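Chemist: turn this into a model:
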Amino acid sequence: MPSAPAQAETDVARLVRSAQSGDGDAFAQLYQRFARMVHGVVLARIARTEVDDVVQDVFMAAYQRLGELREPAAFGGWLAAIARNRAADHGRRLVPVHPVAEAATRPHAHDRVEALAILEAIRSLPEAYSETLVLRLVEGMTGAEIAERTGLTPGSVRVNLHRGMKLLRETLA
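Modeler: As a prediction, this is how the structure comes out:
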C-alpha cells in the first residue's frame, strides 16, 4: 500500500494527466489542492492587496502551459516556480507602498497593523524562510502539506521553519 505522500503524488499526477487531456474538472481539483500554496508563495513576495490577481494569473499561466509539463508528479514544484516568477515580475512593476503605514491610518487598526508588521518582518527574512513561514503561519499548512505542494523535501521544510522562526523571533525582539 502506498504511503500518504506517495498516494497524494499519484493523485496529483493522475489529475495533471487528465487536465492535460482537456478535463476541466481535473484542473479545478488541482486548483483546489494548490490554491493556498500559490497564495502563500505570492503573499511572501508582494503586497497583500495585489495577491489575488497574481494568484489568478499564476493559474491561468499554468493552465495555458500545462502541456509543457513533462513529469505530472512534479506539478507542485512547477506551479510554485510559476508563482515565484509571476510574483517577482509583478513586484518589479509596482511602486512600493508601506502596508503598515497605510493600515495605521484606519480607525481601530491596531490588530491589523500588528499583523501587517509581522508579515513585513517575515518578508524581510531570506526567501526560503519567508515563503515557508507564510505557508505555515498565514496559510495554515502543515509541514507535510508544504513539502507535498511545493516539491521541497520534508527535511528542507523542517529546517526552513526552524531557522525561519528563530530569525523571526530575533527580528521581532
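Chemist: for the residue sitting nearest the centre point of the chain, what are its contacts?
Modeler: By C-alpha atoms, centre = their mean, the chain has its centre lying nearest to residue 41, at 2.5 Å. Residue 41 sits next to 80, 83, 84, 87, 131, 134, 135, 150 when contact means C-beta atoms under 8 Å, 6 or more residues apart in numbering. Heads up, the C-betas are built off the backbone N, CA and C, glycines and all.
Chemist: switch to 7 Å and redo it
Modeler: The contact partners of residue 41, taken as C-beta atoms under 7 Å, 6 or more residues apart in numbering, are 80, 83, 84, 87, 131.
Chemist: which helix or which strand is home to residue 13?
Modeler: In this structure, residue 13 is located in helix 4-20 according to DSSP states H and E.
Chemist: quick one: mean pLDDT for that helix?
Modeler: The average of the pLDDT scores along helix 4-20 is 80.
Chemist: what of stretch 51-70?
Modeler: Mean per-residue pLDDT for stretch 51-70: 94.
Chemist: for that stretch, list every residue counted as buried.
Modeler: Buried residues in stretch 51-70, defined by neighbour count with 16 or more other C-beta atoms under 10 Å: 51, 54, 55, 57, 58, 59, 62, 66, 69.
Chemist: tell me which helix or strand of this protein sits lowest on mean pLDDT?
Modeler: helix 99-104 (a mean of 48; mean pLDDT, DSSP states H and E).
Chemist: which SSE is immediately downstream of it?
Modeler: Following helix 99-104 in sequence, per DSSP H and E, is helix 110-123.
Chemist: C-alpha coordinates for that following helix, PDB please?
Modeler: Coordinates of each C-alpha in helix 110-123 appear next as PDB, following Å, rounded to 0.1, in the frame of the first residue of the first chain:
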ATOM      1  CA  HIS A 110      -4.100  48.100  16.000                       C
ATOM      2  CA  ASP A 111      -4.500  44.300  15.300                       C
ATOM      3  CA  ARG A 112      -4.300  44.800  11.600                       C
ATOM      4  CA  VAL A 113      -1.200  47.000  11.900                       C
ATOM      5  CA  GLU A 114       0.400  44.400  14.200                       C
ATOM      6  CA  ALA A 115      -0.400  41.500  11.700                       C
ATOM      7  CA  LEU A 116       1.000  43.500   8.800                       C
ATOM      8  CA  ALA A 117       4.100  44.400  10.800                       C
ATOM      9  CA  ILE A 118       4.700  40.700  11.400                       C
ATOM     10  CA  LEU A 119       4.100  39.900   7.700                       C
ATOM     11  CA  GLU A 120       6.700  42.600   6.800                       C
ATOM     12  CA  ALA A 121       9.100  41.000   9.300                       C
ATOM     13  CA  ILE A 122       8.600  37.600   7.700                       C
ATOM     14  CA  ARG A 123       9.100  39.100   4.300                       C
END
